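Visitor: pasting the sequence and the predicted coordinates here, then a few questions.
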Amino acid sequence: MEFEGFIIHNNSCDKKKEEKWDFTIRRDGSVSASPEFMESDYIHICLEGDFNRDYELMDNEQKIQLFMASKIIYELSRRFSISPLFLFPHNETCPGTHFPWNVLVIYPAGGYH
Ligand SMILES: [Zn+2]
């Protein structure tokens, strides 16, 4: 499989009714994964809740969710040889214009940013 990157979603996603995501990170920090990948070009990750805000304004649960997402992205990027920098929004409202993208990025070299 050759993926082109990751697409990030949140609760307000209009995809929700018809389709599932590959990974859903719930409010309690638990992760559910679909049995197989939904698409062959992108891996879809959904964060449950409203993530259209600055990182400083998020509660601890949301910060843990973002941490879980960054771990998943890092693991998958290594497994499938995708750059962990190839993160994309689903659309203009999902996950939102204030989504803290920089928090999700773990640079491959040192594991910190
Ligand atoms: Zn979406």
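Guide: Okay, I see it. Bear in mind that the values here come from a model prediction, so they are computed numbers and not experimental data.

Visitor: span of stretch 82-90 from start to end?
Guide: Stretch 82-90 has an end-to-end distance of 18 Å (criterion: Cα to Cα, to the nearest Å).

Visitor: buried residues, that stretch. List them.
Guide: Of the residues in stretch 82-90, 82, 84, 87, 89-90 count as buried by neighbour count, 16 or more other Cβ atoms under 10 Å. Yep, even glycine has a C-beta here, placed from its N, CA and C like the rest.

Visitor: mean confidence for that stretch?
Guide: On average, the pLDDT along stretch 82-90 is 92.

Visitor: which bits of the chain sit near the ion?
Guide: With Cβ under 5 Å from the ion as the criterion, the chain comes near the ion at residues 9, 13, 15, 90, 94.

Visitor: of the residues you listed, which is the most crowded?
Guide: residue 9 (23 neighbours; other Cβ atoms under 10 Å).

Visitor: which helix or strand contains it?
Guide: strand 5-10 (DSSP states H and E).

Visitor: same question, residue 99
Guide: Residue 99 belongs to no helix or strand, assigned by DSSP H and E.

Visitor: same deal with residue 79?
Guide: Here residue 79 is assigned to helix 60-80, by DSSP H and E.

Visitor: name the residues that touch that helix?
Guide: Helix 60-80 is contacted by residues 1-3, 6, 8, 23, 25-29, 31, 43, 45, 47-49, 51, 55, 58, 82-84, 87, 100, 103-106, 108, 111 when judged by Cβ atoms under 8 Å, 6 or more residues apart in numbering.
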